[in-house]
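>>> Structural data only, the sequence is not supplied:
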């Protein structure tokens, strides 16, 4: 079945189209009734497959130009059905990955994931937040007698960037659902361990759910409790406090009282420092902007392996675009965005992790931080 | 660079009709950021390859909808935390986008990159004449604070 788009030019054409629709009992999508067909107005007709050629011939004979709006209606229907079916399956399994989840549910999810996939996944303590909540990371590792290198990914360092933790959860699900059947993933896991921290800034995330949707920082108090929050992505020990920060607690860019002054920062930093010789790649997921950012933000001097960093990032951007056409720009933070110091990505590279990237997911400002949940699936699929 | 004046940018862009995604218009623009002073809005000149489609039908529908309300419209958090906007509030959001566009223009410099993050609050102001008036509190995000 095809849907044709026609804009009738003359009254004669209108009459012919009305006749065609009534005689062949064609399904009018726009307008609803043949008597509402007008010149200069859009006409959308669904033509059943067996009649497509006949209708097109008739239009040609009467010099009525048309455009095929939908070349295969069934295909479109199937596509939308399969998405529904797969989200139904997800509900069956108890977790809807196409919705945003509050921290409570993410904690439960992490436990579930470990329980349901104990041959591959272990849950580990990383540290505590300022408000004393436990930070956990998931280790996805195929048992083997050879030592493996590590890929680390953290999400949710900035509270309001909800699509970021949503992506970490999606990522874990994808790996676990497909590692047996997908050769790329199984090969991956033969040589690499994946460490995923679904929400780094837990206190901030909860605050953005309960109090202020656009909160960015953590929730540690300063100035005698008159002012809250350090920007955790300015708090790492990478040229800390030098550029693109504020020393004023009320600023969204407040870098804290010193490098790693925040418990969340030091929990991550201590762990990564310990494991740094085995970490191949550090990924930190943010939104928005549709960017793959390489070091550095604190200086325009390029990192020693800049060519490799850019090359790999370009490949990623191309692959991402191949899915839904979404464009990502690639480059260093200092050249594409602005200067900033104390970022986790800069720090990771400075201590020796060769491939270190910040991802800024969808979109480019139309929705910004408040990305509608119906974009979770396409965003996550393309980012995978 | 224009000495003693500022930086001028020549842009070619494509505008997409929010009401009809398939409809686009090419646009050529010149933007001049003035040197030094942060308080002057950039000069903007632009030409469109053709006239924009009339929004009269949508405007009239919105107008009658609001006029037919029993009480003045009040709403907050558009979109909501999950990014959703109830369909009947879409025109309110578009109005905010347009109005924010003006505020953003007046406050733009070469290092800002403003976007409308969220409408915190909107309140219709009662009037005795036939005009509609809305008071908005909007949150504008300046890209620098990523």
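Looks like it came in fine. Just so we're clear, the structure is a prediction, and the values are computed from it rather than from any experiment.
>>> Now do the contacts for the residue of the stretch 51-200 of chain A found nearest chain B.
With C-beta to the nearest C-beta, the shortest gap between the stretch 51-200 of chain A and chain B falls at residue A:100, namely 5.7 Å. (Glycine included, C-beta is placed from N, CA and C.) Applying C-beta atoms under 8 Å, 6 or more residues apart in numbering or on different chains to residue A:100 gives the contacts A:162, A:166, A:373, A:376, B:81-82.
>>> of these, closest to residue A:14?
residue A:373 (42.8 Å; C-beta to C-beta).
>>> what's the burial count for the closest one?
By the criterion of other C-beta atoms under 10 Å in any protein chain shown, residue A:373 has 17 neighbours.
>>> Which stretches in the chain count as helices?
Let's take chain A. For chain A, the helices defined by DSSP state H cover A:11-24, A:52-61, A:73-92, A:103-116, A:163-178, A:183-191, A:202-210, A:263-275, A:306-324, A:333-336, A:344-350, A:376-383.
>>> hmm, I had chain B in mind actually
Along chain B, counting by DSSP H, helices occupy B:56-67, B:90-106.
>>> The first one close to chain A?
Pointing back at helix B:56-67 there. No - counting by C-beta under 8 Å from any C-beta of the partner chain, no contacts exist between helix B:56-67 and chain A, the nearest distance being 12.2 Å.
>>> Quick one: residues contacting the closest residue to residue A:153 other than its chain neighbours.
The spatial neighbour of residue A:153 that comes closest, neighbours along the chain excluded (C-beta to C-beta, 6 or more residues apart in numbering or on different chains), is residue A:283 at 4.2 Å. Applying C-beta under 8 Å, 6+ apart, one finds that residue A:283 lies in contact with A:151-154, A:356-357, A:359.
>>> Counting neighbours, what do you get for residue 39?
Since you didn't name a chain, this refers to chain A. Residue A:39, neighbours per other C-beta under 10 Å, totals 13.
>>> not what I meant, chain B
Neighbours of residue B:39 under the rule other C-beta under 10 Å: 9.
>>> same deal with the one 5 residues further on?
Other residues lying near residue B:44 total 13 when counted by other C-beta under 10 Å.
>>> how near is the residue nearest to it when sequence neighbours are not counted to residue B:99?
What sits nearest to residue B:44 in space, not counting adjacent residues and going by C-beta to C-beta, 6+ apart, is residue B:31, at 5.4 Å. Distance of residue B:31 to residue B:99, computed by C-beta to C-beta, to the nearest Å: 20 Å.
>>> More neighbours: which of those two?
Taking other C-beta under 10 Å, residue B:31 and residue B:99 do not tie; residue B:31 has more neighbours (18 against 14).
>>> Is that one bridged to anything, and to what?
Assessed by DSSP bridges, residue B:31 has beta-bridge partners residue B:9, residue B:44.
>>> Tell me the pLDDT of it.
At residue B:31, the model reports a pLDDT of 94.
>>> again with residue A:27
The model reports residue A:27 with a pLDDT of 87.
>>> re the thing from before, ok, now which ones touch the residue nearest to residue B:44?
Shown in contact with residue B:31 (C-beta under 8 Å, 6+ apart): B:8-9, B:11, B:42-44.
>>> swap in residue A:312?
Residues near residue A:312 by C-beta under 8 Å, 6+ apart: residue A:355.
>>> What's the end-to-end length of stretch A:94-111?
End-to-end distance of stretch A:94-111 (C-alpha to C-alpha, to the nearest Å): 13 Å.
>>> Residue A:227: neighbour count?
Residues within reach of residue A:227, counting by other C-beta under 10 Å, total 14.
>>> got it, and residue A:106?
Number of residues near residue A:106 (other C-beta under 10 Å) recorded here: 21.
>>> With adjacent residues omitted, what lies nearest to the residue of the stretch 101-250 of chain A found nearest chain B?
Nearest residue of the stretch 101-250 of chain A to chain B: residue A:213, at 4.8 Å (C-beta to the nearest C-beta). Spatial nearest neighbour of residue A:213, chain neighbours left out: residue B:81 (4.8 Å); criterion: C-beta to C-beta, 6+ apart.
>>> for the closest residue to residue A:198 other than its chain neighbours, what are its contacts?
Once flanking residues are discounted, residue A:198 sits nearest to residue A:168: 4.2 Å by C-beta to C-beta, 6+ apart. Residue A:168 sits next to A:153-156, A:196-199, A:285 when contact means C-beta under 8 Å, 6+ apart.
>>> and the closest residue to residue B:12 other than its chain neighbours, what pLDDT?
Spatial nearest neighbour of residue B:12, chain neighbours left out: residue B:28 (5.6 Å); criterion: C-beta to C-beta, 6+ apart. Note on residue B:28: pLDDT of 96.
>>> Residue B:28 against residue B:11, yeah?
Yes - counting by C-beta atoms under 8 Å, residue B:28 does reach residue B:11; the two are 7.1 Å apart.
>>> List the contacts of the residue in chain A that chain B sits nearest to.
Going by C-beta to the nearest C-beta, chain B is nearest to residue A:372 of chain A, at 3.2 Å. Shown in contact with residue A:372 (C-beta under 8 Å, 6+ apart): B:79, B:82-84.
>>> overlap between these and the residues near chain A?
Okay, of the contacts of residue A:372 touching chain A (C-beta under 8 Å from any C-beta), that's B:79, B:82-84.
>>> how deep is residue 32 tucked in, by neighbour count?
Let's take chain A. Residue A:32: 8 neighbours (other C-beta under 10 Å).
>>> That was the other one, I meant chain B.
By other C-beta under 10 Å, 16 other residues sit near residue B:32.
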